[in-house]
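Undergrad: Only the shape, not the letters, is given here:
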């Protein structure tokens, strides 16, 4: 049986993301590989076996005791609109996703729980690769020809930065 204190988590910064349904994740991985994207390098530069395709809802600047975990949600589809390059050096190719009431409702839920971000506007996107040298040329690529479905929301603690 859980104790009263088990229902509380220490405060930390939070990462909130909408996760792709497994079939959509696998199709996007295959499509990205076929198009020539590097899908085996993580954001930090470490080797990975597959990309963690998701839509970031919040990468909070403030701390919160919102519970962490992976939560199943009613499945819905998102629609890619275009490609773009994001990141401080504009070197992360992304699929820009059409904003919708469903997507906005998840953002609004976590904003109402007190999460704050440094970005003034939410650019809804899915990062395709974290290692990009300009190839393939995103201006010449077709958008993925399959539906992209979302079926989970993930809330994780953001590790504290260590000052060495």
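TA: Yep, that arrived. Since we're looking at a predicted model, the values are computed, not measured.

Undergrad: pLDDT weak spots in this protein?
TA: Within the chain, the stretches with pLDDT under 70 are 1-9, 161-164.

Undergrad: try 80
TA: Within the chain, the ranges that satisfy pLDDT under 80 run 1-10, 119-120, 161-164.

Undergrad: Could I get the full set of strands for it?
TA: With DSSP state E, the ranges of strands along the chain come out as 12-20, 54-64, 69-78, 80-86, 92-97, 125-127, 148-157.

Undergrad: Save these as a markdown table, and put in distance to residue 115 and mean neighbour count too.
TA: C-beta here means a position set from N, CA and C on the backbone, and glycine is covered the same way. Output for those, formatted as a markdown table (distance: least, Cβ to Cβ, whole Å; neighbours: other Cβ atoms under 10 Å):
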| stretch | distance to residue 115 | mean neighbour count |
| --- | --- | --- |
| strand 12-20 | 6 | 21 |
| strand 54-64 | 4 | 19 |
| strand 69-78 | 15 | 12 |
| strand 80-86 | 20 | 15 |
| strand 92-97 | 20 | 21 |
| strand 125-127 | 18 | 20 |
| strand 148-157 | 10 | 18 |
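
Undergrad: Throw the ones you listed into CSV and include distance to residue 33, thanks.
TA: Below are those laid out as CSV (distance: least, Cβ to Cβ, whole Å):
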stretch, distance to residue 33
strand 12-20, 15
strand 54-64, 18
strand 69-78, 21
strand 80-86, 16
strand 92-97, 14
strand 125-127, 15
strand 148-157, 16
